[in-house]
Each structure stands twice: as structure tokens, then as C-alpha cells.
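> Any chance you can model this:
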Amino acid sequence: MGIERARLVVKTIMPVVDIEAATDFYGRLGFHVVAFDETYAWVHHAGLEIIHLALVPELDVAANHSACYLHVQDADLWYRTFRDAGVDVGEIADMPWQMREFAVLDPSGNRLRIGHNLE
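Presented below is the predicted three-dimensional model:
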């Protein structure tokens, strides 16, 4: 089997300055978080591991440009869920690239963009 036919699974590794604050944040969003140790954790959704959290104490939160995109079936449902959890979420909007999406920052400045196709 060539590389073009091999199964590919991608998991974003997000740097965090405080692993406990990060696991609390992702847990509040409704994800299941599993700590490996005091420096690393996995974020799960619907039984799937989707994000890794790695402790980087020297991370400059203001300069952090790490991000990942969660492509979901209903961005409005995710928006309401995050908002109802007391998380500061950006506005949800229909974008010119045919996505309905919003964004949220975790305590370490990692950006989660959540959206669904408009087509």
C-alpha cells in the first residue's frame, strides 16, 4: 500500500503554559480530558482523541499562534454549548469561504475554530 492510500489521522499538539488550567478549560467545554502526567494530556470527543496538550512553561501566550479547526455538523450547537459553559466565544458567522464558524481561545492563547459547511 502506497502512502496515498494509507490511513492518515492527524492530532494537533497545542502548547500550554498551565496543564491544569488547560485540562479544566477543555473539560468545561464538554470534552473528556485524560492526563498522562503533569506535562501532557489528551482531549477526547465522542471516544476519539482529537487534541494533545503539551506543557511549554516559557510559552508567550500573547504571541501564541497555534490553532486547530474542528469541522462539525452543527456549529450553532457547539457555539451555544461553549457559550452556555461560560466560555468567551467569538461571534458565529457565515464566511465567504462557505463555512459557518466561530472561534474561541484557550487560556494559553490556542485558537479553536469551529465550523460547518454551508453547502
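
> Point out where the protein drops to low pLDDT.
Within the chain, the segments meeting pLDDT under 70 span 1-6.

> That one: strands as residue ranges?
Remark: strands assigned in the chain by DSSP state E are 12-16, 32-37, 40-45, 48-55, 67-71, 93-94, 99-105, 111-117.

> Same list, the ones you listed, but as CSV with mean neighbour count and distance to residue 77 please.
Bear in mind the C-beta positions are built from the backbone N, C-alpha and C, glycine included. Output for the strands of the chain, formatted as CSV (neighbours: other CB atoms under 10 Å; distance: least, CB to CB, whole Å):
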stretch, mean neighbour count, distance to residue 77
strand 12-16, 20, 22
strand 32-37, 13, 18
strand 40-45, 18, 13
strand 48-55, 17, 17
strand 67-71, 15, 12
strand 93-94, 12, 16
strand 99-105, 19, 11
strand 111-117, 19, 9
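
> As CSV, these with distance to residue 78 would be great.
CSV is the format used below for the strands of the chain (distance: least, CB to CB, whole Å):
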stretch, distance to residue 78
strand 12-16, 17
strand 32-37, 16
strand 40-45, 10
strand 48-55, 13
strand 67-71, 8
strand 93-94, 14
strand 99-105, 8
strand 111-117, 5
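
> Those: which one's closest to residue 84?
For residue 84, the closest of the strands of the chain is strand 99-105, at 12.9 Å, according to CB to CB.

> got the angle for the closest one vs strand 111-117?
Strand 99-105 and strand 111-117 are oriented at 160 degrees to each other (axes from the mean of the first three to the mean of the last three CA atoms, to 10 degrees).

> And strand 99-105, what does it pack against?
helix 75-84, strand 93-94, strand 111-117 (3 or more CB pairs under 8 Å, 6 or more residues apart in numbering; DSSP states H and E).

> how much space between the nearest residue to residue 119 once chain neighbours are set aside and residue 66?
Excluding the flanking residues, the one nearest residue 119 by CB to CB, 6 or more residues apart in numbering is residue 98, at 5.5 Å. Residue 98 sits 25 Å away from residue 66, going by CB to CB, to the nearest Å.
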